[in-house]
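from the sequence below, what's the structure:
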Amino acid sequence: MIEEEMPNIVLCAETHFTLNISESEINIVGYNHIRCDSHSRHTRGVLIYTHKAIECKVVYNNSINNNLWCIVIKTLNNTIKWQIGLVYHSPNSSDAEFIKYIGEILEEYFSENENNVIGDFNINVNLQSTYTNQLSHTFATTSMHQLINFNTRVTETSQTRIDLLYSNSDEIEIKNMENQRISDHETICFNLPVQKRHTMRIYEFRVFCNNYTKENLIALLRNYNFMEANDCDIGLKVQAINSILCDIMGMLTYEKRVQIKLVNKWYDRKLNELNKLKYELFKLAKNTNEWDNYNHTKRHYKKSIKIKRNNLWKIK
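Okay, here's the model as predicted:
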């Protein structure tokens, strides 16, 4: 695949690599690699290949409680300035803990820059659940939203969307490379813009009812034969009526993805200025070796984030 496509960066989730796999076994000519190994040859682990023409540094590389494997890199080329995170979440571990860990990593490493997080989340976003909603909200608080719109794991008995890409850019080109499919997972190709970053925003789906009127509702109801449900028991009658009403509302309303600026959300201008101050103090401390002001500001910044976010949850 690499010989055919010549990508700049290759992200591999669930590598099954352990420390027993030597560097020479995974070397690819022309590429550097960063690995976060599993404890088992049967599952887990992540790996990133970067073309040697791409300058980057490793920002984070860790596994947490056999739940999450994560590598974060930052590209340093003048024309490519992105921070990219690769994750794998074990399906045998807690989704709630995984989302908590992801939230902490986002707070620490993804508060600025152009950001992408991609990987095998093992949370099927085709289904609405507590965890899919929490995952979406966790990324939305850092202005990131999910871009994959096709099923990424397809078997004879199921089709799920568990390989996901969250980003704070709408200009990413994504395609499903069906001819490069590995196992039962799709291979995803995405192209990043080299400049321009969106201001802070959040996306959500809203229902619009421009076509809804009492007259239209009555007219559509008259097209259905409710008598067919007379011979059914009460449970089937309820299902039949509910199905009819859903069909009608689908005709009278439509769902649209809208962009909302993060006005009065928890990550406000004060936090943004505090984060900038933290970064300036960090650069100063590296030169002077005086870390007290930086450490104090960093603690204040992290405490302020937790307070703001908790207040938002209380309001909701």
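
can you show me the strands along the stretch 151-300 of the chain?
153-154, 159-160, 163-167, 173-176, 188-191, 201-208, 254-261 (DSSP state E, counting those that start in this stretch).

out of these, which gets nearest to residue 234?
strand 201-208 (29.0 Å; C-beta to C-beta). Every C-beta, even on glycine, is put in place using the N, C-alpha and C of the backbone.

what about the helices in the stretch 201-316 of the chain?
With DSSP state H, counting those that start in this stretch, the ranges of helices along the stretch 201-316 of the chain come out as 214-221, 234-252, 269-288, 292-315.

Serialize those to CSV and add fields for distance to residue 207 and mean neighbour count.
CSV is the format used below for the helices of the stretch 201-316 of the chain (distance: least, C-beta to C-beta, whole Å; neighbours: other C-beta atoms under 10 Å):
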stretch, distance to residue 207, mean neighbour count
helix 214-221, 15, 11
helix 234-252, 9, 12
helix 269-288, 31, 13
helix 292-315, 22, 14
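
export these to TSV and append columns for distance to residue 184 and mean pLDDT.
Output for these, formatted as TSV (distance: least, C-beta to C-beta, whole Å; pLDDT from 0 to 100):
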stretch	distance to residue 184	mean pLDDT
helix 214-221	42	87
helix 234-252	32	84
helix 269-288	41	80
helix 292-315	36	76
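
indicate which one of these is closest to residue 14.
So among the helices of the stretch 201-316 of the chain, helix 292-315 is nearest, using C-beta to C-beta, at 30.3 Å.

can you name every helix or strand that that closest one contacts?
helix 269-288 (3 or more C-beta pairs under 8 Å, 6 or more residues apart in numbering; DSSP states H and E).

measure how the helix it packs on sits relative to helix 292-315, angle-wise.
Interaxial angle, helix 269-288 versus helix 292-315 (axes from the mean of the first three to the mean of the last three C-alpha atoms, to 10 degrees): 160 degrees.

could we number from 694 for the rest of this?
With 694 as the first residue, the last one maps to helix 962-981.

list the helices and strands helix 962-981 packs on?
helix 985-1008.

closest to residue 870 out of the helices of the stretch 894-1009 of the chain?
Nearest of the helices of the stretch 894-1009 of the chain (C-beta to C-beta): helix 927-945, 33.4 Å.
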